[in-house]
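Chemist: need a structure here:
(chains A, B, C and D, ligands or ions: 4)
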Number of protein chains: 2
Amino acid sequence: MALHMSSANPSPDFAERLREAGLRPTRQRVALARVLFEGDHRHVTAESLHAEVKATKIPVSLATVYNALNQFRDAGLLREVVVAPGRSYFDTNIGHHHHFFVETDNELHDFPSHDVTVEGVPAPPAGTQVSRVDVIVRVRR
Amino acid sequence: MALHMSSANPSPDFAERLREAGLRPTRQRVALARVLFEGDHRHVTAESLHAEVKATKIPVSLATVYNALNQFRDAGLLREVVVAPGRSYFDTNIGHHHHFFVETDNELHDFPSHDVTVEGVPAPPAGTQVSRVDVIVRVRR
DNA sequence: TGCATCTTTAGAAATATTCTAAACTACTTG
DNA sequence: CAAGTAGTTTAGAATATTTCTAAAGATGCA
Ligand SMILES: [Mn+2]
Ligand SMILES: [Mn+2]
Ligand SMILES: [Zn+2]
Ligand SMILES: [Zn+2]
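Modeler: Ligands and ions are numbered 1, 2, ... in the order given. Okay, the predicted model is just below:
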């Protein structure tokens, strides 16, 4: 019986992916990319990612985690989802989708947007262009 | 020619409204309620509201503004809209509506939801109930 | 290998929000 | 209307998140 391949990463050459994004593949950035991108899609906070990477014995400071997350986001490798004051998640799923946010336990779950339609939104304010539409469905237990 | 009445406040008895919400109508809370509720709908931050109320010569601390905003929100007098890390707005419009967020100048604009439909949202995670659906249309100049 | 440039880091700083505990005030009851 | 009490406000400290600084370190190119 064959092992499953990770869905989105047939050849996990993280150094190459970073170079393509215009970022030097440093030890810290490669370690962060590996944790972020080698498995299924994730929603991480700076703190949670920092804890995970430190557990792999690669030395990395929290400032570097913030730097890298902001750079990855600016390069289009991640998107940022803000659900509550002081609760910012970085999302490795950069395709079109929306979120359930379970307020009672601070969990974020994806749902695909291919079935979701947001209709009837009026024209944006004069002189502006839409950059993204976020739908957050807040739920509680 | 008659003066217009403020749309939502035919009799602006703020003390009474606070009592109905289970809050003692203290000098600070009445002053905050007046600024928040006497005109049209508003989107304020704790800092901006603090500055406004201090300008009316009612002494009020920033801690009290935070306390009051959280209490007003918990009482259903306000809702909170989080658009970016560290940018939380309190919204005096508690009816169903959604927002344009102009990222380039941190402005929040309402749009009515009576024309907006969000369709195709899957069933929420098992054991949870939807408390609210937020649609934020992010735009830039 | 040498060098310029970019990156990482510890620690300080900035920002936003909450907490503490003491002083104060609104409502109740006599 | 004079207590009494429970709720409220406050300054300042604390917490939490994120960014900045400047010095040391790593990367990639010649
Ligand atoms: Mn950021
Ligand atoms: Mn809050
Ligand atoms: Zn997601
Ligand atoms: Zn609004």
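
Chemist: where does chain A have its least confident helix or strand?
Modeler: Least confident helix or strand of chain A, by mean pLDDT, DSSP states H and E, is strand A:117-119 with a mean of 79.

Chemist: ok, and for that strand, which residues are buried?
Modeler: Within strand A:117-119, the residues that qualify as buried are A:Val118, counting by 16 or more other CB atoms under 10 Å in any protein chain shown. C-beta coordinates here come from the backbone N, C-alpha and C atoms, glycine included.

Chemist: wait, does the helix or strand following it make contact with ligand 3?
Modeler: Counting by DSSP states H and E, the next helix or strand C-terminal to strand A:117-119 is strand A:129-140. No. Counting by CB under 5 Å from the ion, ligand 3 has no neighbours in strand A:129-140; the shortest distance is 10.3 Å.

Chemist: neighbouring contacts of strand A:129-140?
Modeler: Strand A:129-140 has contacts (CB atoms under 8 Å, 6 or more residues apart in numbering or on different chains) with A:81, A:83, A:98-104, A:111, A:113, A:116, A:118, A:121, A:124, B:103, B:118, B:121, B:124-125, B:128-140.

Chemist: ok so A:Ala51 is a helix residue?
Modeler: Yes. Membership of A:Ala51 in a helix is supported by DSSP: H, G, I helix; E, B strand; the rest coil.

Chemist: What mean pLDDT does stretch A:42-56 get?
Modeler: The predicted model assigns stretch A:42-56 a mean pLDDT of 96.

Chemist: does DNA strand D sit close to it?
Modeler: Yes. Looking at stretch A:42-56 against DNA strand D by CB under 7 Å from any atom of the strand, the contacts come from A:45-47.

Chemist: Could I get the buried residue list for that stretch?
Modeler: Buried residues in stretch A:42-56, defined by neighbour count with 16+ other CB under 10 Å: A:42-44, A:46, A:49-50, A:52-53.

Chemist: from these, which two are the most distant?
Modeler: A:His43 and A:Val53 (16.0 Å; CB to CB).

Chemist: What residues does chain A have near chain B?
Modeler: Residues of chain A lying near chain B by CB under 8 Å from any CB of the partner chain: A:80, A:82-86, A:88, A:98, A:100, A:102-104, A:109, A:111, A:115-122, A:124-125, A:127-141.
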